[in-house]
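1. I would like the atomic coordinates for the input below:
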Amino acid sequence: MDKNLISIYKLKSDIENMKYFSIFLNRGEEAQLRNLESKLKEMIIQVENFNDRFSDFGWCAYDSMSIDLIKNVNDEFEKNGFESAENILVDYYKSDVAEVVHWIKNSSKAFSDRYELLQLFFKNHFDETYYASVLLGLIIVDGAVNDFTKSKGFFAEGTNVDAWDCLVGCSDALTKLQKIFNKNRTKTNFETIKTPYRNGILHGRDLNYANEYVSCKLVALMFAVADWMKMKNSEESRKEDYNKSINSPPTRELLKRIKRNKEIRREIESWQKRIVCIGKDVPKCGSLQEYAEYPYIGIIINMIDAWKTENYGGLSTYLKRMFSVALSDGKRAGECREIFKSKKLISFELMEIEERGCALSKIVVKVRWQENEKIKETELVFGCVYQGEEEQNEVAVPWRENGEWVIVPWDIQGLYSL
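-> Okay, the predicted model is just below:
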């Protein structure tokens, strides 16, 4: 794996250094350390194998790509060969990927500006109208990269797609895709192609391009480009965080941290899940005070109230994870206004509450709103995560009040229904 993936190699180094403190770890913690080391090695091998086996055919690993998907594809490749393994990728990008397509819009302004085109692209893709989705995919990627770089599109010669310390920007796989997809196609071709050759398709030379392989590879390309943009935008802040992290504290302070985190770990192990019954333990649609014993529900109620009162600044803060990390508070509030100003909230109802861990809960909310003289209804799925500050040296847990609850949108696609 590329040596420029600084965080990966720092983690390897940190694991090696932790072995020197193994006398302070119990058997369970030593096992966890060995397990982490094993998983890291496995991840590196899986990603390298994936890119080696599939990048020549229009696929590349990217930062937000599921490692389980990568592993499943590699396993299938080793058992039954390339064609069977590629079918797993095609099946994923034809169906399961629908749950995370909003990540593309939220990755950068360049993609969010093309939101309507993105909606049309994915509608045509999932409807298997590939003659339309392929053209839209090529147009969206090229234009978004052109806006992002302020000079050249994705397929233009000389467009640089590297980024500091990120999977998609450090390996040569995305650059390889760039070259493959931009090949000259000088003759009219009647044969079916499985690669989105930009020049052949847009210039009318590759006539039989409308199939699931070409469209799925463009979906995967969008995710790779979106990850690259997101990581490129956060380069400077990530470098600052890295530089802070390499200034290691004195050994005495490190041992104090280890001891403190061991105490927190014991507290976490003694935590007991509560079964929350809607309509009995908490109301279906109450006020904030009625959820005082469940602060992770409280933040959802605050978000709902901000929507209802058209407080887009507050709403954009609660739903911060919906938007590009590169946006300022003001611009994020503006984008939030664009999404919600036509959606007049009528009512909400809690449908499901599940405590998945001491710092993670799942909440499903049914919402009804009026939009363009139509009444719409959908279920929104959120994760509520308790987290501390980035520079915090201990694990954040609710009972220590050393963090805050934040909302992570898991499935909000219903908001964008046509």
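2. ok, M322 - contacts?
-> Contacts for M322 were tallied using CB atoms under 8 Å, 6 or more residues apart in numbering; they are 102, 106, 336, 409, 412. Glycine gets a C-beta too; all of them are placed from N, C-alpha and C.
3. and the two most separated of those?
-> Every pair in the contacts of M322 was compared (CB to CB); the two farthest apart turn out to be H102 and C336, at 13.9 Å.
4. For the contacts of M322, please prepare TSV with the additional fields neighbour count and distance to K259.
-> Rendered in TSV, the data for the contacts of M322 read as follows (neighbours: other CB atoms under 10 Å; distance: CB to CB, whole Å):
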residue	neighbour count	distance to K259
H102	19	41
N106	18	39
C336	25	43
P409	17	36
I412	17	41
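5. Show the model's pLDDT score for A144.
-> Per-residue confidence for A144 comes out at a pLDDT of 94.
6. ugh, typo on my part, it should be F155
-> At F155, the model reports a pLDDT of 75.
7. try S13
-> For S13, the model assigns a pLDDT of 67.
8. Also the one 4 residues further on?
-> If you check N17, the pLDDT there is 64.
9. Count residues in the vicinity of the closest residue to G383 other than its chain neighbours, would you?
-> Nearest in space to G383, with sequence neighbours left out and distances taken as CB to CB, 6 or more residues apart in numbering, is V408 at 4.1 Å. The number of residues packed around V408, counting by other CB atoms under 10 Å, is 16.
10. same question, P196
-> P196 sits with 24 neighbouring residues when counted by other CB under 10 Å.
11. give the contact list for it.
-> P196 makes contact with 58, 134, 137-138, 181, 209, 214, 217-218, 221, according to CB under 8 Å, 6+ apart.
12. sec struct for it, please.
-> coil (DSSP: H, G, I helix; E, B strand; the rest coil).
13. how far away is it from Y416?
-> Shown here: P196 relative to Y416, a distance of 25 Å by CB to CB, to the nearest Å.
14. related to what we said a few turns ago, now the two most distant members of the contacts of P196.
-> Y209 and L221 (14.6 Å).
15. so where do the helices sit in the stretch 251-400 of the chain?
-> In the stretch 251-400 of the chain, the helices defined using DSSP state H, counting those that start in this stretch lie at 251-270, 295-308, 312-318, 329-340.
16. Out of these, the one nearest S234 is which?
-> For S234, the closest of the helices of the stretch 251-400 of the chain is helix 329-340, at 14.9 Å, according to CB to CB.
17. angle of that closest one against helix 295-308?
-> Relative orientation of helix 329-340 and helix 295-308, computed by axes from the mean of the first three to the mean of the last three CA atoms, to 10 degrees: 70 degrees.
18. Could you tell me the end-to-end distance of stretch 176-196?
-> Counting by CA to CA, to the nearest Å, the length from the leading to the trailing residue of stretch 176-196 is 13 Å.
19. Now render the helices of the stretch 251-400 of the chain as CSV, adding distance to E78.
-> Converted to CSV, the helices of the stretch 251-400 of the chain look like this (distance: least, CB to CB, whole Å):
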stretch, distance to E78
helix 251-270, 37
helix 295-308, 42
helix 312-318, 45
helix 329-340, 44
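20. Mind putting these into a markdown table with mean pLDDT and distance to R53?
-> As requested, those are arranged in a markdown table below (pLDDT from 0 to 100; distance: least, CB to CB, whole Å):
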| stretch | mean pLDDT | distance to R53 |
| --- | --- | --- |
| helix 251-270 | 75 | 39 |
| helix 295-308 | 97 | 42 |
| helix 312-318 | 96 | 42 |
| helix 329-340 | 93 | 39 |
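21. So F57 versus H125, what's the distance?
-> Distance check for F57 against H125: by CB to CB, it reads 19 Å.
22. These two: who's more crowded?
-> H125 (25 against 15).
23. pretty sure the more buried one is in contact with S215, am I right?
-> Yes - when contacts are counted by CB atoms under 8 Å, H125 is listed as touching S215 (5.2 Å).
24. shared neighbours of these two, which are they?
-> With the criterion set as CB under 8 Å, 6+ apart, the overlap between the contacts of H125 and S215 is 133, 137.
25. give me the number of residues near G204?
-> Each residue near G204 was counted by other CB under 10 Å, and the total is 10.
26. re the thing from before, so can I have TSV of the contacts of P196 showing neighbour count?
-> Below are the contacts of P196 laid out as TSV (neighbours: other CB atoms under 10 Å):
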residue	neighbour count
G58	23
V134	24
G137	28
L138	25
F181	22
Y209	24
V214	24
K217	26
L218	25
L221	24
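27. thought W405 was touching V385?
-> Yes - the pair W405 and V385 passes the contact test of CB under 8 Å, sitting 7.1 Å apart.
28. Let me see the contact set for the nearest residue to L167 once chain neighbours are set aside.
-> Take L167 and drop its neighbours on the chain: the residue closest to it by CB to CB, 6+ apart is D63, 4.6 Å away. The contact partners of D63, by CB under 8 Å, 6+ apart, come to 166-168, 227, 231.
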